[in-house]
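1. curious how this folds, go ahead:
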Amino acid sequence: MQKLIYEYFSDDDFLRVSNKIGEMEKKTSGEIRIAIKEKKSFLERNKNIRQLAEKEFVKLKMHNTRDKTGILLFLMLGDRQFYILADSGIDKKVGQKVWDAVRDEIQTHFQSGNFGEGIIWGIERVGKILSEHFPIKAGDTNELSNKVVLEE
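-> Numbers count the residues shown, from 1 in each chain. Sure thing, here's the model as predicted:
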């Protein structure tokens, strides 16, 4: 169970990632989630990385945030793929090209074998972009868990 994930990440990495999400969400009304999946299921074998990210987005109820400001960093380890998916509120102000550039930079970290650091860097970058467009609001609450979601 979840053997592949621990070839790339340690429990300490997951704690650092959760803490970094909490730190960045103090500066934005956006909600950041990380989901890591080991491999596609049989029924998912023909789906592309965006379709899988969209499925995970809905599964995690990220589309239910007050201002549609959820953003998912989704890793498919078995296929060595990675996607950043933002909800409609974010898409109105920040285009997919911005997130693709962040994804590419994170992948540079991954290619160097720095998986935990790559995710931390990505969360910081996503948090900074969100804080520019979606600053923290009075009465803002943490709508989604900061815990990393791990799936086989």
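
2. how close does His100 sit to Arg50?
-> You called it His, but residue 100 is Asp. Here Asp100 is placed at a distance of 11 Å from Arg50 (C-beta to C-beta, to the nearest Å). In this view, the C-beta of every residue, glycine as well, is placed from N, C-alpha and C.

3. helices of this protein, start to end?
-> 5-8, 11-25, 49-59, 88-91, 96-111, 115-133 (DSSP state H).

4. buried residues in the longest one, which are they?
-> Neighbour-count burial for helix 115-133, counted by 16 or more other C-beta atoms under 10 Å, picks out 115-116, 118-123, 125-127, 129-131, 133.

5. give me the helices and strands touching it, please.
-> When contacts are defined as 3 or more C-beta pairs under 8 Å, 6 or more residues apart in numbering; DSSP states H and E, helix 115-133 sits against helix 11-25, strand 31-37, strand 70-76, helix 96-111.

6. of all the ones you listed, which lies closest to Tyr83?
-> Distances from Tyr83 to each of the helices and strands packed on helix 115-133 were compared by C-beta to C-beta, and the smallest falls on strand 70-76, at 4.9 Å.

7. I'd like the average pLDDT over that closest one.
-> Averaged over strand 70-76, pLDDT sits at 95.

8. swap in stretch 95-108?
-> Taken as a whole, stretch 95-108 has an average pLDDT of 94.

9. starting at the chain centroid, how far to it?
-> Distance of stretch 95-108 from the chain centroid (C-alpha atoms, centre = their mean, to the nearest Å) equals 12 Å.

10. which stretches of the protein have low pLDDT?
-> 1-2 (pLDDT under 70).

11. what's the burial count for Lys47?
-> Taking other C-beta atoms under 10 Å as the neighbour definition, Lys47 ends up with a count of 15.

12. contacts only, for the residue lying closest to Gly118 once chain neighbours are set aside.
-> Using C-beta to C-beta, 6 or more residues apart in numbering and skipping the chain neighbours, the partner closest in space to Gly118 is His109 (3.0 Å). His109 is in contact with Phe115, Glu117, Gly118, Trp121, counting by C-beta atoms under 8 Å, 6 or more residues apart in numbering.
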